[in-house]
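Q: Predicted coordinates and the sequence they were generated for:
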Amino acid sequence: GVVSAYAYKLKTGEGQMVDTSLFEAGITHTYWQSAIALATGFAPGPMGSRHPLNTPYQAFKCADGWINLGASNTRLWGRLLEITNLQELDDDPRFSDSAARMANIDALIDTLNSVFETKPMTHWLAELERVGIPAGPVMDVNQMHADPHTEAREMVVEVDHTTAGPVKTIGLPIKFSKTPGVIDGGAPIYGQHTRLVLAEYGYDNEEIDSLIGAGAVIAA
């Protein structure tokens, strides 16, 4: 919103108020569920990791963990049957097309889970990648932090904290080729920058000491 308003200002010279809220953001994130409700009058309930309109498109339990995959079109569905050795499902009228698979989703997921549970995540992820089916591991937060892709994208970085010393924190999620950003310090402690801020606004050391002594401000 800010960038759009700024682009308008560059063209017209006019500024404007940009207004939003967490309430509106929450509504926007129900785009699938809202589309279904507005079209049908039916309010979708909890679906776990399932996609509201396509299947198989969700998390599956392997022998040693969980993976997420999306094989929702005819081409990918056929490839999934190939690597799971479930080609007989191609002739099963319950799973003949996307609509049929959605209508019989519980039976379909039970069948697929019974196969995925027989082998570890690494086996299935390798097979899914080999045939071009989008898939990935379901990680906890520590596993996410340790993932090689996280490291390669510098999404966990080490910074110096004023009192705690070296600490790890989340990196910048947006990368700029000409103006790269960096996380250059830990979170400030309470009152760490009080003197710097007041000095910027013209207070001298004596005035700042007076404010601190009176309890008007806190300085670390």
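A: Structure received.

Q: contacts for stretch 198-206?
A: With contact meaning Cβ atoms under 8 Å, 6 or more residues apart in numbering, stretch 198-206 is reached by 207-208, 211, 217. C-beta coordinates here come from the backbone N, C-alpha and C atoms, glycine included.

Q: Off-centre distance for stretch 156-169?
A: 24 Å (Cα atoms, centre = their mean, to the nearest Å).

Q: coming back round to it: save the contacts of stretch 198-206 as JSON lines, and put in neighbour count and secondary structure too.
A: Shown next, in JSON lines, are these (neighbours: other Cβ atoms under 10 Å; DSSP: H, G, I helix; E, B strand; the rest coil):
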{"residue": "207", "neighbour count": "12", "secondary structure": "helix"}
{"residue": "208", "neighbour count": "18", "secondary structure": "helix"}
{"residue": "211", "neighbour count": "17", "secondary structure": "helix"}
{"residue": "217", "neighbour count": "16", "secondary structure": "coil"}
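
Q: Out of those, flag the one nearest to residue 130.
A: Using Cβ to Cβ, residue 217 comes nearest to residue 130 of these, at 62.6 Å.

Q: Contacts only, for that closest one.
A: So residue 217 contacts 191, 194, 198, 208, 211 (Cβ under 8 Å, 6+ apart).

Q: And these, which is closest to residue 43?
A: Distances from residue 43 to the contacts of residue 217, taken by Cβ to Cβ, are shortest for residue 191, at 48.6 Å.

Q: And the pLDDT for the closest one?
A: Here the pLDDT value assigned to residue 191 is 95.

Q: what about the closest residue to residue 84 other than its chain neighbours, neighbour count?
A: Residue nearest to residue 84 in three dimensions, not counting chain neighbours: residue 115, with 4.7 Å by Cβ to Cβ, 6 or more residues apart in numbering. Residue 115: 16 surrounding residues under other Cβ atoms under 10 Å.
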